[in-house]
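In: structure for this input, please:
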Amino acid sequence: MFELKPLHHEAVASALEKANRYRLLNEPGAAESIYLDILAIEPDNQEAIVNIVLAMSDRFGKDYAVGEGHIKDYLSKIEGEYERAYYTGIVYERRAKAVLEKGGINAYELFEQAMEWFQKAESIRPAGNDDPILRWNGCARIIKRNKLTPREMSANDFIE
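Out: As a prediction, this is how the structure comes out:
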């Protein structure tokens with residue numbers, strides 16, 4: 001098989017710019033690949049870690065799979081309790097929107113999870129940063145607009 005070629009440390013800044021541009025162009029797979037190259041040589045690069053989480057969650061609405069375990073692995077590497085809570089909320093929000101678009105089963109519960117993470121982020125946010133409030137309100141509006149309600153569980157839902 002092919003052996004991946006390592007990025008040079010001097011190329012990290014321009015690679016980050018390129019990957020961010022791919023995300024903006026709605027090419028999350030290309031962006032994710034570049035972030036993986038960056039993380040291969042700088043495993044603690046916070047910008048790459050945050051953005052790979054965003055690139056992976058950009059793919060939720062697409063028709064190809066995204067491993068939840070991988071996203072959780074990267075979320076756990078985000079430094080700072082606020083940042084980890086905030087980006088975890090974004091992952092749940094994006095998953096909820098993708099589920100809603102495909103029929104909505106469990107969308108309410110996913111939005112609820114997102115809102116819980118945003119509420120946690122709000123409680124520890126830096127002064128003057130109302131981003132988690134804006135995201136929480138956005139989720140609440142989507143729930144109201146779409147008249148989402150908690151899913152009624154049957155006995156079969158509890159069987160594993």
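In: excluding sequence neighbours, find me the nearest residue to the residue positioned nearest the centre of the chain.
Out: Nearest to the mean C-alpha position of the chain, counting by CA atoms, centre = their mean, stands Val91 at 3.1 Å. Distances taken as CB to CB, 6 or more residues apart in numbering place Ser57 nearest to Val91, at 5.0 Å, with adjacent residues excluded. The way it works is simple: take the backbone N, C-alpha and C, and place the C-beta from them, glycine included.
In: the one you found: neighbour count?
Out: By the criterion of other CB atoms under 10 Å, Ser57 has 22 neighbours.
In: what helix or strand is it located in?
Out: helix 46-58 (DSSP states H and E).
In: pLDDT (mean, whole number) over the next helix or strand after that helix?
Out: Next along the chain after helix 46-58, taking DSSP H and E as the criterion, comes helix 68-76. Mean pLDDT, helix 68-76: 87.
In: does Leu7 count as helix, strand or coil?
Out: coil (DSSP: H, G, I helix; E, B strand; the rest coil).
In: contact partners for the nearest residue to it once chain neighbours are set aside?
Out: Spatial nearest neighbour of Leu7, excluding adjacent residues (CB to CB, 6+ apart): Asp37 at 4.7 Å. Contact partners of Asp37, counting by CB atoms under 8 Å, 6 or more residues apart in numbering, are 4, 6-7, 15.
In: how is this structure carved up into domains?
Out: 1-79, 80-160 (automatic domain parsing).
In: what pLDDT does the residue nearest to Val91 get?
Out: At Ser57, the model reports a pLDDT of 94.
In: dump the residue contacts of Ala30.
Out: Going by CB under 8 Å, 6+ apart, Ala30 touches 19, 22.
In: mind listing what's buried along the helix or strand bottoming out on mean pLDDT in the chain?
Out: Least confident helix or strand, the chain: helix 68-76 with a mean of 87, by mean pLDDT, DSSP states H and E. By neighbour count on 16 or more other CB atoms under 10 Å, the buried set for helix 68-76 is 71, 74-75.
In: state the three-state secondary structure for Ala140.
Out: Per three-state DSSP, Ala140 ends up helix.
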